[in-house]
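Peer 1: With the sequence up front, the predicted model follows.
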Amino acid sequence: AVTVIQRPAIDKQLIEFVRKYAKKEKGSLNLGKQLLPRLSKEWQEICRKIGIMAKSNANVIVFGASGTGKEQVALQVYLQSVRSQKPYIVVEAGGAGIIGEHDLQSGQSEIYTRIKNYFLQADGGTIIVKNLHLLNLEKQSVLLHILQEEHPDVRVICTAEPYLQDMVMKQTFRTTLLYMLKEYEIAIPSISDVTEDIPVLADTFLRMYADACNEKKKRLDSSALKELRKHPWIGNVRELKNVITQAALDTLGDTITASDLTLSVHGSVEPAVLPLKCPNEESRRITDALIKTRWNKTQASELLNISRNTLNYKIKQYGLVQN
């Protein structure tokens with residue numbers, strides 16, 4: 001075994017570790033640390049905020065749905081900052097790096113030791129906490145204690161999905177910790193909300209594919225661009241990258257048409273503000289969302305317009321199981 005992945009993080013982290021150890025295939029694109037070029041005014045505002053944050057030592061949370069590029073934005077805040085010459089540590093909130101137990105007899109906590117060590121390693125620099133929403137209450141308490149009582153010379157930049165705000169309301173995330181970490185925030189929109197970014201992103205992926213394969217760059221015709229703009233993009237930029245890469249690999253000619261695109265059929269789920277008055281109808285909508293997203297709970301919760309915590313509660317309430 002090369003790592004341990006906690007259940008809450010499996011949707012995303014498993015893919016990252018498989019990609020790390022699997023053999024690289026033709027045309028595999030690694031986005032790395034770069035920010036991809038985009039045209040929307042929303043993205044230009046994000047770039048402006050990155051520049052402002054680079055001049056500050058304030059803690060930052062980068063909010064966005066899965067696949068929007070939160071990690072690249074968080075890293076750019078560090079790379080453009082006055083702390084860029086100091087060390088930075090990336091910590092996965094739902095990963096094995098901060099698993100531990102508390103010894104009641106000695107009062108010593110493995111979790112405290114692990115988190116404290118990250119701060120020692122990053123002294124004078126930056127810690128990037130990925131997927132802050134996966135941090136359980138015990139780890140939240142440790143992190144809060146270190147920040148509040150020990151005042152380390154470390155800047156903390158976090159990424160989180162939007163439902164972190166719901167967790168505070170449901171008392172599954174500590175309010176004090178949230179506002180210590182959210183001295184400034186950056187919100188990244190889903191690409192379905194900024195469709196003007198889709199053509200330039202797609203063209204960037206085609207160029208990256210051509211460079212990786214040492215081939216001539218292919219182009220998208222008007223029919224392909226029309227389909228790309230219509231697609232819901234639940235997986236956001238990550239899903240778009242995969243669609244474009246597959247189309248470039250499968251298309252024999254220089255031009256990619258709508259028929260060359262393999263788009264996941266997410267379907268539509270009726271808008272629902274849960275709970276509903278009719279339990280059977282509520283259960284049906286949740287089941288439809290889970291099936292259409294292949295039991296990706298993050299995507300299903302977005303379709304249903306509810307938090308992932310609420311979705312997990314409803315799954316248990318109705319005894320829903322994956323077939």
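Peer 2: Arrived safely, thanks for sending. Residues are numbered from 1 along each chain as shown.
Peer 1: mind listing what's buried in stretch 226-236?
Peer 2: For stretch 226-236, burial by neighbour count (16 or more other Cβ atoms under 10 Å) applies to 227-228, 231-236. Glycine gets a C-beta too; all of them are placed from N, C-alpha and C.
Peer 1: likewise stretch 115-122?
Peer 2: 115-116, 118-119, 122.
Peer 1: for that stretch, what is the average pLDDT?
Peer 2: Averaged over stretch 115-122, pLDDT sits at 96.
Peer 1: So for stretch 209-221, mean pLDDT?
Peer 2: 95.
Peer 1: Straight-line length of that stretch, end to end?
Peer 2: Chord length of stretch 209-221, first to last residue, is 17 Å (Cα to Cα, to the nearest Å).
Peer 1: Could I get the buried residue list for that stretch?
Peer 2: 209, 212, 218, 220.
Peer 1: circling back to that earlier point, can you redo the buried residues of stretch 115-122 as JSON lines with secondary structure and distance to residue 81?
Peer 2: Formatted as JSON lines, these follow (DSSP: H, G, I helix; E, B strand; the rest coil; distance: Cβ to Cβ, whole Å):
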{"residue": "115", "secondary structure": "helix", "distance to residue 81": "22"}
{"residue": "116", "secondary structure": "helix", "distance to residue 81": "23"}
{"residue": "118", "secondary structure": "helix", "distance to residue 81": "18"}
{"residue": "119", "secondary structure": "helix", "distance to residue 81": "17"}
{"residue": "122", "secondary structure": "coil", "distance to residue 81": "13"}
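Peer 1: what helix or strand is residue 75 on?
Peer 2: In this assignment (DSSP states H and E), residue 75 forms part of helix 70-79.
Peer 1: Which elements pack onto that helix?
Peer 2: Here helix 70-79 touches helix 41-54, strand 60-63, strand 126-130, strand 155-160, going by 3 or more Cβ pairs under 8 Å, 6 or more residues apart in numbering; DSSP states H and E.
Peer 1: Run through who's touching the last one.
Peer 2: Read it as strand 155-160. Residues from elsewhere that reach strand 155-160 (Cβ atoms under 8 Å, 6 or more residues apart in numbering): 57-64, 70-71, 73-74, 77-78, 81, 83, 125-133, 147, 181.
Peer 1: Quick one: mean pLDDT over stretch 74-84.
Peer 2: Stretch 74-84 comes out at a mean pLDDT of 96.
Peer 1: and it, how far apart are its ends?
Peer 2: Using Cα to Cα, the two ends of stretch 74-84 sit 12 Å apart.
Peer 1: Quick check: buried residues in it?
Peer 2: Buried-residue list, stretch 74-84, by 16+ other Cβ under 10 Å: 74-78, 81, 83.
Peer 1: Check stretch 257-267 too.
Peer 2: Of all the residues in stretch 257-267, those buried under the rule 16+ other Cβ under 10 Å are 258, 260-261, 264, 266.
Peer 1: Mind picking the two most distant members of these?
Peer 2: 260 and 266 (19.3 Å; Cβ to Cβ).
Peer 1: From residue 32, how far out is residue 321?
Peer 2: Distance, residue 321 to residue 32, by Cβ to Cβ, to the nearest Å: 39 Å.
Peer 1: cool, and residue 155?
Peer 2: 22 Å.
Peer 1: more neighbours, the two?
Peer 2: The residue with more neighbours, out of residue 155 and residue 32, is residue 155; 25 against 7, by other Cβ atoms under 10 Å.
Peer 1: And for that one, nearest residue in space, chain neighbours not counted?
Peer 2: residue 126 (4.7 Å; Cβ to Cβ, 6 or more residues apart in numbering).
Peer 1: if I pick the one you found, what's in contact with it?
Peer 2: 78, 81, 83, 86-89, 154-157.
Peer 1: Spatially, which two of these are the most separated?
Peer 2: Farthest apart among these - using Cβ to Cβ - are 81 and 89, which lie 14.5 Å from each other.
Peer 1: in the stretch 101-250 of the chain, which spans are strands?
Peer 2: Per DSSP state E, counting those that start in this stretch, the stretch 101-250 of the chain carries strands over the ranges 126-130, 155-160, 184-187, 219-220.
Peer 1: most packed of those strands?
Peer 2: Burial of the strands of the stretch 101-250 of the chain is given as mean neighbour count (mean count of other Cβ atoms under 10 Å); strand 155-160 ranks first at a mean of 26.
Peer 1: What's the end-to-end length of stretch 292-303?
Peer 2: End-to-end distance (Cα to Cα), stretch 292-303: 10 Å.
Peer 1: Out of the buried residues of stretch 257-267, which is nearest to residue 37?
Peer 2: The shortest approach to residue 37 among the buried residues of stretch 257-267 belongs to residue 261, at 21.4 Å (Cβ to Cβ).
Peer 1: for this protein, which spans come out with low pLDDT?
Peer 2: In the predicted model of the chain, residues 1-28, 102-107, 265-279, 323 satisfy pLDDT under 70.
Peer 1: which ones are touching residue 43?
Peer 2: Contacts of residue 43 (Cβ under 8 Å, 6+ apart): 194, 197.
Peer 1: I am finished for the moment; much appreciated.
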